[in-house]
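1. Have a look; sequence and predicted model below, questions after that.
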Amino acid sequence: MRFNPKARLDTSRVSDGGRGSGGGGGMRMPIPGGTRAGGGVGVLIIVVLFFIVSQCAGGGGGLPSPGGIDPQSSGSDASRMDDSARYDNCKTGADANSDEDCARVAVENSLYNFWSQQFDSGFTPATLRTFSGAVDTGCGQASSQVGPFYCPNDQKIYLDTTFFDDVLEGQLGGKGGDFVEPYVIGHEYGHHIQNLMGTMSKVKTQQGPESDAVRLELQADCYAGLWTKAATGTTDQDGVAIFDGLDEADISEALDAAKTVGDDRIQQQAGQRVDPEGWTHGSSEERMRWFMKGYQDGTIESCDTFSASSL
């Protein structure tokens, strides 16, 4: 993954809350299928990656509330938090090539450019907020143990960047790579698109291999693949290409990340038997396949998991 050194970066939709306080210990989201005594306490904090906060889904069923979110504080407004200076030096694609924080800005800029073109008018972009430890959101207070997530109430993607080394690679055994985080952010941005399109209201069944929750997550994977396919054609505000290029290694890294966070794999890592009835996100194979469907077919219509007869 390389960025165009001449591209100008826009940091207006990316912010950092520094290190949060409160929330802290004990706020955890259960692994799919529950946990067993002696099954490995460390795996508890793996959580269900890319979870949509249930209390914010607005209308309809929604997903069960994660343990890392306090719904009682759902009136919080993260925009009031003081912003750190983390992204102040992110000016160009050259900065993105040398600094992972600036690379995050470039990815957000690309996602914004791509998705804004899919709407005839009235597109409202998601914003991205990084934090450490804990953060107040429009969906309540969350700890870093929740993993990356999107909050529909404030239309923000929240990301503790230590997640990738500590959990995705460290505990789940993913291979890592520089396109893992873009895949994750692309998936979460996909949830924002679902929010704008009203797809979240379709979520009635919350668990199971053919559940609405699984269909929602696989569609977000497909949207991530859709953006990945188009990423090299995205531009900055002056029409300058943001990416110099992506290669097969980048796609392989995204697929490995998708495999790593499959429900069946997480259950196995927790020392449990594979139980599809406890799935909320889909199997490793499904997550990889739907990412590739978006990447290969390149249309929003191809990502209609809710009409698919099987996943």
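-> Ah, there it is. Numbers count the residues shown, from 1 in each chain.
2. which residue packs closest to T161, ignoring adjacent ones?
-> Spatial nearest neighbour of T161, chain neighbours left out: T130 (5.8 Å); criterion: C-beta to C-beta, 6 or more residues apart in numbering. C-beta: built from backbone N, CA, C; applies to glycine.
3. how many neighbours does the one you found have?
-> 21 (other C-beta atoms under 10 Å).
4. quick one: it from D256, how far?
-> 23 Å (C-beta to C-beta, to the nearest Å).
5. Report the contact partners of the residue nearest to T161.
-> By C-beta atoms under 8 Å, 6 or more residues apart in numbering, the contact set of T130 is V14, S15, D16, G17, R86, R104, Y158, L159, D160, T161.
6. quick one, phi psi at the last one?
-> Here is the backbone geometry of T161 (degrees, to the nearest 10): phi -70, psi -10.
7. Same check on the first one?
-> Its backbone dihedrals place V14 at phi -120, psi 130, with angles given as degrees, to the nearest 10.
8. got it, and the third one?
-> Phi and psi for D16, reported as degrees, to the nearest 10, are phi -140, psi 130.
9. what bridges to it?
-> T130 (DSSP bridges).
10. wait, isn't it in contact with L128?
-> No: counting by C-beta atoms under 8 Å, L128 is not a contact partner of D16; they are 9.4 Å apart.
11. Looking at those two, which one has more neighbours?
-> Applying other C-beta under 10 Å to D16 and L128 shows that L128 carries more neighbours, namely 25 against 22.
12. what sits against the more buried one?
-> R13, V14, S15, R104, E108, K156, I157, L159, I185.
13. Quick check: the gap between it and N195.
-> For L128, the distance to N195 (C-beta to C-beta) stands at 15 Å.
14. What ranges does this protein have for its helices?
-> Ranges of helices within the chain are 93-98, 100-116, 163, 180-197, 212-230, 248-260, 263-269, 284-297, based on DSSP state H.
15. Tell me which of those helices sits nearest to C139.
-> Of all those, helix 180-197 sits nearest to C139, with 11.9 Å by C-beta to C-beta.
16. helices and strands around the closest one, which ones?
-> Here helix 180-197 touches helix 100-116, strand 149-151, strand 156-159, helix 212-230, helix 248-260, going by 3 or more C-beta pairs under 8 Å, 6 or more residues apart in numbering; DSSP states H and E.
17. related to what we said a few turns ago, could the contacts of L128 be laid out in CSV, adding neighbour count and distance to E301?
-> Below are the contacts of L128 laid out as CSV (neighbours: other C-beta atoms under 10 Å; distance: C-beta to C-beta, whole Å):
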residue, neighbour count, distance to E301
R13, 17, 27
V14, 24, 30
S15, 20, 34
R104, 23, 30
E108, 24, 25
K156, 24, 28
I157, 24, 24
L159, 24, 29
I185, 23, 23
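18. Please spell out which residues along stretch 286-301 are buried.
-> E286, R287, M288, R289, W290, F291, M292, K293, G294, Y295 (16 or more other C-beta atoms under 10 Å).
19. out of those, who's nearest Y189?
-> G294 (12.4 Å).
20. If you drop the residues flanking it in sequence, what lies closest to that closest one?
-> Nearest non-adjacent residue to G294, counting by C-beta to C-beta, 6+ apart: G225, 3.0 Å away.
21. Let me know the pLDDT of S144.
-> Note for S144: predicted pLDDT of 80.
22. I'd like the numbering to begin with 10 instead of 1 from here.
-> Sure, I'll start counting at 10 from here, so that last one is S153.
23. Rounded mean pLDDT for stretch 280-290, please.
-> Average pLDDT, stretch 280-290: 94.
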